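Engineer: Sequence unavailable; structure follows:
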């Protein structure tokens with residue numbers, strides 16, 4: 001096992017990923033999936049790292065799935081390595097829950113526009129008679145930099161759904177969190193740690209005097225995702 005593998009295993013231990021999980025006698029299903037990287041460019045280039053999908057869990061034994069890849073590279077869009085994903089869930093007599101984690105290292109997006117030494121996405125969903133909840137505690141960036149500026153790479157966590165414009169490219173959402181469920185009998189959460197929305201101007205008229213395009217609308221024509229994890233519970 002190489003040093004990066006040990007590092008990732010330590011991450012999982014620190015996050016308590018050996019799940020004896022949380023949640024409800026009334027909860028009948030748990031779900032989860034995780035992947036490290038995904039690319040879909042306007043030029044038609046598409047790639048995704050191995051996907052871990054939680055199989056059906058029943059009883060106290062629970063279920064688990066993992067997936068790993070050495071590297072993923074799409075020219076001009078993304079390069080990364082040490083791609084690992086794991087998801088697990090369990091249904092018990094009084095509680096049930098699920099947890100998903102993905103990890104990517106040496107992340108380089110759009111020829112250095114966004115870089116990070118490591119990106120970890122972690123989500124937990126659980127439910128009990130007291131209600132249902134999900135959180136993304138343990139999701140982290142290491143040495144995150146955007147356009148060469150590492151102001152978001154410090155010890156403070158990046159706020160959920162932090163939106164940053166990328167002129168000429170589109171925009172990026174950091175720590176993107178998409179909740180689901182009613183918080184009573186069901187709960188779910190998807191976290192995409194880096195989600196780049198690639199945009200192109202569609203329509204508009206060229207001004208022959210200035211060379212500028214007048215009108216038109218920006219439309220999302222592709223996306224790049226690093227660090228995606230989803231978990232859910234429902235009765």
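Structural biologist: Alright, I've got the coordinates. Not measured: the values here are computed from a predicted model.
Engineer: what mean pLDDT does stretch 88-106 have?
Structural biologist: Mean per-residue pLDDT for stretch 88-106: 93.
Engineer: Specify the residue positioned farthest from the middle of the protein.
Structural biologist: When distances to the mean C-alpha position of the chain are computed (C-alpha atoms, centre = their mean), the maximum falls on residue 209, with 45.1 Å.
Engineer: That one and residue 203, how far apart?
Structural biologist: Here residue 209 is placed at a distance of 19 Å from residue 203 (C-beta to C-beta, to the nearest Å). Where you see a C-beta, it was placed from the backbone N, CA and C, and this is true even at glycine.
Engineer: Show the subsequent helix or strand relative to the helix or strand bottoming out on mean pLDDT in the chain.
Structural biologist: Lowest by mean pLDDT, DSSP states H and E among the helices and strands of the chain is helix 3-15, with a mean of 40. Next helix or strand after helix 3-15 toward the C-terminus (DSSP states H and E): strand 29-40.
Engineer: which residues touch stretch 36-53?
Structural biologist: Stretch 36-53 is contacted from outside by 32-35, 65-69, 72, 74-78, 80, 83-87, 100, 102-104, 198, 200, 221-228, using C-beta atoms under 8 Å, 6 or more residues apart in numbering.
Engineer: and residue 101, what are its phi and psi?
Structural biologist: phi -140, psi 140 (degrees, to the nearest 10).
Engineer: Would you agree it is in contact with residue 228?
Structural biologist: No. Shown here, residue 101 and residue 228 do not form a contact pair, counting by C-beta atoms under 8 Å, at 10.5 Å.
Engineer: The helix or strand encompassing residue 193 - what's its average pLDDT?
Structural biologist: Secondary structure assigned from DSSP H and E places residue 193 in strand 186-202. When pLDDT is averaged over strand 186-202, the result is 95.
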